[in-house]
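S.K.: What follows is a predicted protein model with its sequence.
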Amino acid sequence: MSTNLETTNLKTDEMIINMGPQHPATHGVLRLILKLDGEIVRHVEPVIGHLHRAQEWQGQNRTLFQYQALIDRVDYLSGMFTSLAFAHACEQIDGCQIPPRAQYLRALVCEMNRISSHLLWLGTFLIDLGALFGFPFYPFREREKLLDLFEEIAGQRMMFNYIRIGGVQRDPKPSWFEKVRKFTAEFPDRIDEYEAIVTQNPIVLKRTKGVGILDKSVAMDYGVTGPSIRGSGINYDLRKTRPYGIYPELNFEIPLGQNQGDTWDRYMCRILEMRQSNNLINQCLDKMPEGEISGKKQIAGLRIKAGEGFSAIESPRGVLGCYVISNGSDKAYRIRWRNPSFCNLAVLPSLLIGRPISDIMAIFGSIDVILPDVDR
Amino acid sequence: MSQTDTNKPNETKEMELGKFGKFLKDNGIDSTRKDDSINVETIVISVKDLEPALRLLKTSSETKLNMLLTISGVDYTDRIDSIYHLWSYDHNDALVIKVELPKQSQANTDTVNLTSIANFWSAANWHERETYDLVGIRYLRHPYLRRILNPWDWEGHPLRRDYKQLVDALNDKNPHSFR
């Protein structure tokens, strides 16, 4: 037996560590099987599906009217968007007209939902970075106001079932619009407040600058969309590139990442996006026309024409698509979701390999994945 | 649901080739055009042409369909379609490619085979795993083809039209079951 104790002969082994599915920073039930060389990640295998609720199966075994109430659960932080994607696909197959007031109300609630979704992301992202005390509750203060507004028009705080095939469900009272105005008037100050604490904070900069650089070609190969790819400098936002609804009539800019597409860029994109959304809400309120709110009768036996179509919208996480095959009855023949979180999560291993284990949560937090959206 | 599925959507008639169909024909790949899905060109190509066609459409500077939105599997009782939705990061055109795979037998556990494109298109990796899991299309030469949403010991493919859940998941009395 050799007694040589020279350091060059010391053997190190790779270690396999299981992270999740009950890890507090994996935003739900993501499980990562990590292969570590000391502190450095050598291999990652994400294991998903712990939250699988068979949404596609439900879609083809329930009537369209029943299914409308379920799809908010696909992505519970941005329920308006999942409803909108589904309604959009059905309307385009059916060819029914949406009244202008419904279009504006849809854009209005969607932009409010975008803000509330980004606010929750901001809070949890900072928890991931270790800011456990105090600050993460600042965004929740504003989010609470938005949820109260949603509750007033939809009756629920998170599972809205507000956007329906053909239009929207209820016409808000004039006082509701006043409350929204009050919110948008004070919200830019609140973003300034977050930025004052976070944006140039040396600890945040150290944790995020140059960390998790998402290369353009890698991102495009994986089909990454949303703020994650705009952080890398690719100008791809469906509201501009393939405008839907009333977005062509509104004025707004698409914030892009200024550096190479690191975690800080993705953070900054979302912050700027919230400012743009606030601006969009104001424009919707100014231009809100009067009139009908639904172009299709909301009955339990609601049916659409036969046909098939794919429709996609820009959700807070990227391109949210819904592929519907209809045979003309009250049930769809097949419903297929294209979830931004599912596609964005697939790029995670290529971002983590070669990074220390402490960066995992900063990078994972910055691509803003929501697990029910991954698993459906 | 029985094998004679009367709710099946009507078959569509063939149409003249569109922009991308012509491009593929110029490059020696035959396709037939089907009814548009909401103004988007929809073509059907054969199994052997799938990989060269997608490779060409992704990289060619003429088409630049470099965004793979989703791969869906649809069970039409007598055949299974693998459907590819292609968009682009650079322009606004879109294309839907369908590959029709006839079923060998009627058994629910029976899978149909198709070539994987995950080797040159990373986005396809998870979509193919999901389609394998839920619809049961076996993508050959896939780097890591195993169930992604369902547990590894799940039986059958839930989005087949004739799928029947084997046990009651909530009141499972089978001592050997993992659920």
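M.R.: That came through, no problem. Residues are numbered from 1 along each chain as shown, chains lettered A, B, ... in the order given.

S.K.: Low-confidence ranges, the stretch 51-200 of chain A, go.
M.R.: Residues of the stretch 51-200 of chain A meeting the criterion pLDDT under 70: A:133-134.

S.K.: Strands of that one, residue ranges please.
M.R.: A:163-164, A:167-168 (DSSP state E, counting those that start in this stretch).

S.K.: repeat for chain B
M.R.: B:32-37, B:40-44, B:67-75, B:79-87, B:95-102, B:112-115, B:137-140 (DSSP state E).

S.K.: Report the strands that pair with the fourth one, each with its relative direction.
M.R.: The pairing partners recorded for strand B:79-87 under DSSP bridges are strand B:67-75 (antiparallel), strand B:95-102 (antiparallel).

S.K.: Need the residues that contact it.
M.R.: A:310, A:321, A:323, A:338, B:54, B:57, B:65, B:67-74, B:94-103, B:112, B:114, B:131, B:135-137 (C-beta atoms under 8 Å, 6 or more residues apart in numbering or on different chains). C-beta here means a position set from N, CA and C on the backbone, and glycine is covered the same way.

S.K.: Could you do the second one as well?
M.R.: Among residues not part of strand B:40-44, those counted as contacts by C-beta under 8 Å, 6+ apart are A:309-310, B:17-21, B:24, B:31-36, B:94-100.

S.K.: Tell me which stretches of chain B form helices.
M.R.: Using DSSP state H, the helices of chain B run over residues B:19-26, B:50-59, B:124-134.

S.K.: Out of those helices, the one nearest A:Q169 is which?
M.R.: Nearest to A:Q169 among the helices of chain B is helix B:124-134; the distance by C-beta to C-beta comes to 30.8 Å.

S.K.: Specify the angle between the least confident helix or strand in chain B by mean pLDDT and strand B:79-87 in degrees.
M.R.: Ranking every helix and strand in chain B by mean pLDDT, DSSP states H and E puts strand B:32-37 at the bottom, with a mean of 75. Strand B:32-37 runs at 70 degrees relative to strand B:79-87, counting by axes from the mean of the first three to the mean of the last three C-alpha atoms, to 10 degrees.

S.K.: residue ranges with poor pLDDT in chain B?
M.R.: B:1-14, B:105-110, B:165-179.

S.K.: which parts of it sit against chain A?
M.R.: Neighbours of chain A within chain B, by C-beta under 8 Å from any C-beta of the partner chain: B:7-10, B:35, B:37-38, B:40, B:66-70, B:72, B:74-75, B:83, B:85, B:89, B:92, B:96, B:121-123, B:125-126, B:130, B:134, B:147-151, B:158-159.

S.K.: I'd like the strands of the stretch 51-200 of chain A as JSON lines, with distance to chain B and mean neighbour count appended.
M.R.: Shown next, in JSON lines, are these (distance: least, C-beta to the nearest C-beta, whole Å; neighbours: other C-beta atoms under 10 Å in any protein chain shown):
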{"stretch": "strand A:163-164", "distance to chain B": "18", "mean neighbour count": "26"}
{"stretch": "strand A:167-168", "distance to chain B": "19", "mean neighbour count": "26"}
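
S.K.: To A:T124, which of the ones you listed lies closest?
M.R.: Across the strands of the stretch 51-200 of chain A, the minimum distance to A:T124, taken as C-beta to C-beta, is reached by strand A:163-164, at 25.5 Å.

S.K.: picking up where we left off before, CA atoms only for the least confident helix or strand of chain B - export them in PDB, please.
M.R.: Taking Å, rounded to 0.1, in the frame of the first residue of the first chain, the C-alpha atoms of strand B:32-37 are listed here in PDB:
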ATOM      1  CA  THR B  32     -48.800  18.500 -49.300                       C
ATOM      2  CA  ARG B  33     -50.600  21.500 -48.000                       C
ATOM      3  CA  LYS B  34     -53.600  21.300 -45.700                       C
ATOM      4  CA  ASP B  35     -56.200  23.800 -44.600                       C
ATOM      5  CA  ASP B  36     -54.500  26.800 -42.900                       C
ATOM      6  CA  SER B  37     -54.700  27.000 -39.100                       C
END
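
S.K.: For it, which helices and strands make contact with it?
M.R.: Secondary-structure packing of strand B:32-37 (3 or more C-beta pairs under 8 Å, 6 or more residues apart in numbering or on different chains; DSSP states H and E): strand A:307-315, strand B:40-44.

S.K.: repeat that for 6 Å
M.R.: Secondary-structure packing of strand B:32-37 (3 or more C-beta pairs under 6 Å, 6 or more residues apart in numbering or on different chains; DSSP states H and E): strand B:40-44.

S.K.: Buried residues, the strand it packs on. List them.
M.R.: B:40-44 (16 or more other C-beta atoms under 10 Å in any protein chain shown).

S.K.: between those residues, which is closest to chain A?
M.R.: Proximity of those to chain A (C-beta to the nearest C-beta) peaks at B:V40, which lies at 7.0 Å.

S.K.: just to revisit the earlier point, return the most buried member of the strands paired with strand B:79-87.
M.R.: strand B:67-75 (a mean of 25; mean count of other C-beta atoms under 10 Å in any protein chain shown).

S.K.: Restricting to C-alpha, output that strand in CSV.
M.R.: Extracted C-alpha coordinates of strand B:67-75, given in CSV (Å, rounded to 0.1, in the frame of the first residue of the first chain):
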residue,chain,number,x,y,z
MET,B,67,-37.9,29.4,-33.3
LEU,B,68,-39.4,26.1,-32.4
LEU,B,69,-42.5,27.0,-30.5
THR,B,70,-43.8,23.6,-29.6
ILE,B,71,-44.1,20.0,-30.6
SER,B,72,-47.5,18.5,-30.1
GLY,B,73,-48.8,15.1,-30.5
VAL,B,74,-52.5,14.5,-31.5
ASP,B,75,-54.2,11.2,-31.5
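
S.K.: Any chance you could list what contacts it?
M.R.: The contact list for strand B:67-75, computed with C-beta atoms under 6 Å, 6 or more residues apart in numbering or on different chains, reads A:223, A:321, A:323, A:334, A:336, A:338, B:81-85, B:87-89, B:121, B:123-124, B:127-128, B:131, B:135, B:137, B:160-161.

S.K.: Include distance to A:P349 when you put the strands paired with strand B:79-87 into TSV, please.
M.R.: Converted to TSV, the strands paired with strand B:79-87 look like this (distance: least, C-beta to C-beta, whole Å):
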stretch	distance to A:P349
strand B:67-75	18
strand B:95-102	27
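
S.K.: contacting residues around B:V112?
M.R.: B:80, B:101, B:137.

S.K.: Distance-wise, check the second one relative to chain A.
M.R.: When distances are taken as C-beta to the nearest C-beta, to the nearest Å, B:L101 and chain A turn out to be 15 Å apart.

S.K.: show me what contacts that residue?
M.R.: B:79-80, B:112.

S.K.: what about it, distance to A:L348?
M.R.: B:L101 sits at a distance of 31 Å from A:L348 (criterion: C-beta to C-beta, to the nearest Å).

S.K.: repeat for the last one
M.R.: Going from B:I137 to A:L348 by C-beta to C-beta gives 25 Å.

S.K.: ok, those two, which is more surrounded?
M.R.: Taking other C-beta atoms under 10 Å in any protein chain shown, B:I137 and A:L348 do not tie; B:I137 has more neighbours (23 against 20).

S.K.: That one bridge partners, please.
M.R.: Beta-bridge partners for B:I137, by DSSP bridges, are B:V112.

S.K.: Can you tell me which of the residues of chain B next to chain A are buried?
M.R.: Buried, going by 16+ other C-beta under 10 Å: B:9, B:37-38, B:40, B:66-70, B:72, B:74-75, B:83, B:85, B:89, B:96, B:121-123, B:125-126, B:130, B:134, B:147-150, B:158-159, out of the residues of chain B next to chain A.

S.K.: Quick check: which element contains A:R275?
M.R.: helix A:263-287 (DSSP states H and E).

S.K.: Can you name every helix or strand that that helix contacts?
M.R.: Where contact means 3+ C-beta pairs under 6 Å, 6+ apart, helix A:263-287 is packed against helix A:100-128, helix A:174-198, helix A:227-230, helix A:360-366.

S.K.: now the angle from the first one to strand A:307-315?
M.R.: Spelled out, it's helix A:100-128. Calculated by the same axes, to 10 degrees, helix A:100-128 forms an angle of 50 degrees with strand A:307-315.
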